[in-house]
Structure formats: C-alpha cells, structure tokens
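Novice: I would like to see how this sequence folds:
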Amino acid sequence: MIEKLNRRSFLKATGASATVGSAALAGCTGDGSGGTAETTASDGAETDETETTAESEELSDTLNFYSWGGSTQEALNEHVIEPFEEEYGVTVKQSSFGGQDKMLANVRSSPEGSYDVIMPSTATSYAAAKQGLVEPLRLENIETWSNLMPVFEDFSVDPGESTHVAPLYYGTIGMGYNSDYVDDSNGLSWDLAFDEEFAGQVAIEGVPYVRVFTTALKLGMDPNEMVGDAGSYEEGVKQVYDAMAEQHELVKKYWTSGQELTSLFSNETAYVGEAWGGRILSLQDEGYDNLKYGIPEEGAYGFTDTLAIAKGSKNRYTAEKFIEFAYRDDVITNLAPDIGYPPATEATSSDVEALPDFDPSGGERLTFQDQAFKNEHQQEWSRTFEQIKLGNY
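Specialist: Model prediction:
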C-alpha cells in the first residue's frame, strides 16, 4: 500500500531515499515504460528522461487539468480531484472540453506549460504522442502503475518505445441484445449477429473501421492484422468483406449515434447487434430490464480515456503523482461506477463488476485497434463498406 502523505510531509520525505525507491521500482516495472528510455528532444538531441533535479521531484502548489466536461468532470472532481487536493495540498485548476478534436487543437495551439494533465481518448492518444504534444511518463514516479490490467501493458495506441498515456477506464463496442428473444444461456458469440433467425432485426454500428474490426473478431482473426488462415492481408480482408456482405442482408440499420442505438433497442426494432455498454446501462436504468449487454467470447473492440502529461508541463512530477493517486484501488473503484465504465486497473468491486462493459476475463477479451494499421487501411475499408451498403460489392 502506498503511504498517504500531505504536501508538507511529502516534501520532508523526499530526497535520497526517494531516489533509491524509484530506482527499485523502475527495476520491477522493466523497460518499455518510457521511464528509462532515451527520447529525442525537440531540437533533435538525445535526452535521458530519468534525470530529474531535486526541484522537479517536489510537489507544486497547483496542477492544471484539462478534462472531459459534463458528468465525467463531475465524477472526476468528486472521486479524484477533491480527494487529491485534500490529501496532498495541491490546488487543481480545471478546464474542460466537449470533443477530442477541440482538445487536441487547443493543446497544439497553446504555449507549452498551459496544461499539465490532459485527457486523450484512444485515437487521440496516438495522435498526441505522434505529434509530440505529450511527455513520456516516468513510471518510476508512478508507484501504482503495476495496478494496470495486463492488456494495457503493451498498449497499441501508444507509438514508439516510451509510454505516453495512462489508461484510466475502458469501454467496449460489444453485443447488445433483447433477452426476450435472444438466448444467452450458452454464452455470447458474434455469430448471433450473423444468424438468419434475426434477419431484419440486427443493429450494427455504421463506422467502417469498427465494421471490419468486429467482423474480423467473428472470423477468429487478429483485427490488427486480418490475415488469419488466409496467408496474407489481401486474402484475409477479402474474407472479412465477404462476411460483411452476407451480414448486410440481415441488418435493419447501421446506427451512427447513441440516440439511434437506444431507439433501435428500446422500440424492439432490433433484437441483437453491436452496442455501447453505457447506452444499454442507461436503458436498464429506465426500466428496460430485458435489454442486456456483454462481451462475446471472440472479444470486442476496446476504447479508453487516458491521462497524459502535456508537453512542457511545469508541474510534471505533480502530474505523475496525480496519475499515481488515480490508480489507487480505493480511488478508482469509487470513480468507475460513477463514470459508468470499468477501471483500467485490476481493482474491482461488486459495483464495478455490475457495469455492462466489465470484462470478467480480466481484459483477455479486450482488443484495441492499432492506430497505425487503421490509418493505413481505413480509406479502403470505407470505400468497400459503402459498396456493400449500396449492394455493389
């Protein structure tokens, strides 16, 4: 357990002993973390990110946090920010965004040091790291990093050798279904969304990269390679397209918004298909007890919101301690049910396990899209998906 220290006692405790403790932890976490790797500075010179001064290892008085707004900000404030402020004596100055594109644009256009902690989602995390907008995380300063689920240890949305983002919670694009019509006694499989029994009652997310991803999972392929037994990507993706074309005959609607999704299932227009766990949870809260959600045995598309440290942060060490605090079991198990998504750590509780997106396999059924692979192929996927929808495949 990590000792709880306020700012004054924390500063008294830091020094040579803290340096030894960090080195020991770095040995336990191993490489691939970004904490011990050399990275290229903006002027092209090599710099060792682990070399920190005594000043940089002191908590600052303030921390600038740029997060999602709305209910997410409210939950973060109650379960993470206010307890962190009280325990460490640091004032967290909050600002919020309503969309990831706006967040990334603001970070890009603002002077370095304007933000300390930002909150990129899956695809934005890749872009932020690729564009040099976030600092590598020095994992020796985040003692709770080992709490993460194994699936996040080699996180495909983070390019390069260094670690730039800290996944906070996860969601999935899994299977929604009406238990009045769909028998789940033998478990869930994506085969149900391809079953002719439900012709005209299948709802599928109409995003091309999700479309090929889920179909590849159904076929037993790695969706970040799409080779399978075919021997090549070209042959493998053709099998995916063929399966998508077959399923098209069963689809009632390709939904593209949460509102469409909830209407399809609440009105019993759709009995089975792809869904967002959070939307099914909201319907259950409204009394639709017959609507269920789960992760099929083949797995599901995973997404996450992360914490990252903005490039040029003047309070980098405090930001790392903020992430460390958020990963504590007692903190994240209170946050997750209020956010509505399971934590990215292995911490759990009855409330966490009741969340629709909770993966009882411990993350083995979560698959995150390789963003470089997606960027390489998504134009082709989009063209073919449009042909399928138009009946021209």
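
Novice: okay, CA-based contacts and neighbour counts for the rest of this
Specialist: Fine.

Novice: so how far is Glu78 from Ala344?
Specialist: 19 Å (Cα to Cα, to the nearest Å).

Novice: which one of these two is surrounded by more residues?
Specialist: Ala344 (26 against 14; other Cα atoms under 10 Å).

Novice: so which residues of the stretch 51-200 of the chain form helices?
Specialist: Using DSSP state H, counting those that start in this stretch, the helices found in the stretch 51-200 of the chain span residues 70-76, 82-88, 100-109, 122-130.

Novice: doesn't Tyr254 fall inside a strand?
Specialist: Yes - the assignment for Tyr254 (DSSP: H, G, I helix; E, B strand; the rest coil) places it in a strand.

Novice: any idea of the pLDDT on it?
Specialist: With respect to pLDDT, Tyr254 scores 98.

Novice: who does it form a beta bridge with?
Specialist: Note on Tyr254: beta-bridge partners by DSSP bridges are Ile204.

Novice: contact partners for it?
Specialist: 203-206 (Cα atoms under 8 Å, 6 or more residues apart in numbering).

Novice: and if you look at Ile142?
Specialist: Ile142 neighbours (Cα under 8 Å, 6+ apart): 320-321, 323-324.

Novice: determine which two of those are furthest apart.
Specialist: Glu320 and Glu324 (6.2 Å; Cα to Cα).

Novice: who's more crowded, the two?
Specialist: Legend: neighbour count by other Cα under 10 Å for Glu320 and Glu324, higher for Glu320 (25 against 19).

Novice: how far is the host helix or strand of that one from where the chain is centred?
Specialist: Assigned by DSSP states H and E, Glu320 falls within helix 316-326. Here helix 316-326 is found 18 Å from its chain centre; the criterion is Cα atoms, centre = their mean, to the nearest Å.

Novice: packing partners of it?
Specialist: On a contact count with 3 or more Cα pairs under 8 Å, 6 or more residues apart in numbering; DSSP states H and E, helix 316-326 meets strand 300-309.

Novice: how's the protein carved up into domains?
Specialist: Listed domain ranges for the chain are 7-170+305-364, 171-301+368-390 (source: automatic domain parsing).

Novice: burial check on Leu217, number of neighbours?
Specialist: 22.

Novice: apologies, that question was intended for Ser361.
Specialist: Ser361: 10 neighbours (other Cα under 10 Å).

Novice: distance of it from Leu355?
Specialist: 14 Å.

Novice: which stretches of this structure form strands?
Specialist: For the chain, applying DSSP state E gives strands covering 38-40, 46-48, 62-68, 91-97, 117-118, 165-178, 202-205, 251-255, 272-276, 291-294, 300-309, 366-368.

Novice: contacts for the last one, please.
Specialist: When contacts are taken as Cα under 8 Å, 6+ apart, the neighbours of strand 366-368 outside the stretch itself are 151, 155-157, 172, 299-303, 359.

Novice: so Asn334 sits against Leu76, correct?
Specialist: No - in this structure Asn334 lies outside contact range of Leu76 using Cα atoms under 8 Å: 10.0 Å.

Novice: low pLDDT regions in the stretch 1-150 of the chain?
Specialist: 1-56 (pLDDT under 70).

Novice: if you set the cut-off to 90 instead, what comes out?
Specialist: 1-57, 122-123 (pLDDT under 90).

Novice: so what's the most centrally placed residue in the chain scoring on pLDDT?
Specialist: With distances taken as Cα atoms, centre = their mean, Thr304 lies nearest the centre of the chain, 1.2 Å away. Thr304 carries a pLDDT score of 95 in this model.

Novice: from Asn64, how far out is Leu133?
Specialist: 15 Å.

Novice: repeat for Glu353
Specialist: Counting by Cα to Cα, the gap from Glu353 to Asn64 is 32 Å.

Novice: for Ser109, same thing?
Specialist: For Ser109 relative to Asn64 (Cα to Cα), the value is 16 Å.

Novice: more crowded one of the two?
Specialist: Asn64 (21 against 8).

Novice: pretty sure that one contacts Ile81?
Specialist: No - the pair Asn64 and Ile81 fails to qualify as a contact (Cα under 8 Å) at a distance of 11.0 Å.

Novice: any residues in contact with both of those two?
Specialist: Common neighbours of Asn64 and Ile81, counting by Cα under 8 Å, 6+ apart, are Val92.

Novice: my read: Lys389 touches Gln247, true?
Specialist: No - contact status for Lys389 versus Gln247: not in contact, 10.5 Å apart, counting by Cα under 8 Å.

Novice: neighbour count: the two, which is higher?
Specialist: Gln247 (19 against 16).

Novice: what's the distance between that one and Gly206?
Specialist: Per Cα to Cα, Gln247 is found 13 Å from Gly206.

Novice: go on, Pro223?
Specialist: Distance of Pro223 to Gly206, given as Cα to Cα: 17 Å.

Novice: compare these two (neighbour count), which wins?
Specialist: Pro223 (27 against 17).
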